[in-house]
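Chemist: sequence-free structure coming up:
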């Protein structure tokens, strides 16, 4: 078992020069058994070497991979040199016993698309609280997703594959975001991502 499920494919698009990108929010290295032991797709650890190879070969337009700060050192050498490490900063975090410095951010390794007309410039981080009671450990908040789409260089009409769909929240946010972009509200910062 490789731990690599089939992606949830977004709708096809008619955008000329549409991008085809992927987001992988896999169980973080060393965490699958702890958080997903009962899940049929993630009962074993994900082969991150195979996952990154798949992202590089199947998604040349770009991709993003969420991970943990302890795993970053092992994953970056597997990535091409043109990736960037971006940050999801969590303003609220639980302090755990015997952990002196709390984990209040998560890295996202991003192979962004080339700058194309219609892509929205954004920061290399987002500050957004974690989701609560979404039914799946690690579910991403909607505003995180909106920021990620901008950081990846996605545009309304591009194609996004969610390789680890979990709650389905990323694709739900993608459908909403496509209806907003390039709405004036987003361009003027009303979404505050």
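Modeler: Nice, I can see it. What you are looking at is a predicted structure, and each value in this text was computed from that prediction instead of being measured.

Chemist: quick check: buried residues in stretch 99-108?
Modeler: The neighbour-count check on stretch 99-108 (16 or more other C-beta atoms under 10 Å) flags 104, 106, 107, 108 as buried. For the C-beta atoms, the positions are set from N, CA and C on the backbone; glycine is no exception.

Chemist: which ones among the residues you listed map onto strands?
Modeler: Judged by DSSP state E, strands contain the following of those: 106, 107, 108.

Chemist: so can I have a markdown table of the residues you listed showing distance to residue 79?
Modeler: A markdown table is the format used below for those (distance: C-beta to C-beta, whole Å):
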| residue | distance to residue 79 |
| --- | --- |
| 106 | 16 |
| 107 | 11 |
| 108 | 12 |
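
Chemist: just give me the closest of these to residue 124.
Modeler: residue 108 (9.4 Å; C-beta to C-beta).

Chemist: between the ones in strands among the buried residues of stretch 99-108, which sits nearest residue 56?
Modeler: Residue 56 has its nearest neighbour among these in residue 108, at 16.1 Å by C-beta to C-beta.

Chemist: surely residue 51 and residue 26 touch.
Modeler: Yes - using C-beta atoms under 8 Å, residue 51 is in contact with residue 26, at 6.2 Å.

Chemist: compare these two and say which is more crowded by neighbours.
Modeler: Of the pair residue 51 and residue 26, residue 26 is the one with more neighbours under other C-beta atoms under 10 Å, namely 25 against 21.

Chemist: before we move on, what SS does the more buried one have?
Modeler: coil (DSSP: H, G, I helix; E, B strand; the rest coil).

Chemist: please identify the buried residues of stretch 66-77?
Modeler: For stretch 66-77, a neighbour-count test (16+ other C-beta under 10 Å) marks 66, 67, 68, 71, 75 as buried.

Chemist: now the chain, which segments are flagged as low pLDDT?
Modeler: 1-16, 28-44, 118, 132-138, 180-193 (pLDDT under 70).

Chemist: all strands for it, in order.
Modeler: Counting by DSSP E, the strands of the chain are 8-9, 20-24, 63-66, 84-89, 105-111, 125-127, 159-162.

Chemist: need these in CSV (columns: distance to residue 172).
Modeler: CSV is the format used below for the strands of the chain (distance: least, C-beta to C-beta, whole Å):
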stretch, distance to residue 172
strand 8-9, 11
strand 20-24, 13
strand 63-66, 17
strand 84-89, 18
strand 105-111, 19
strand 125-127, 18
strand 159-162, 10
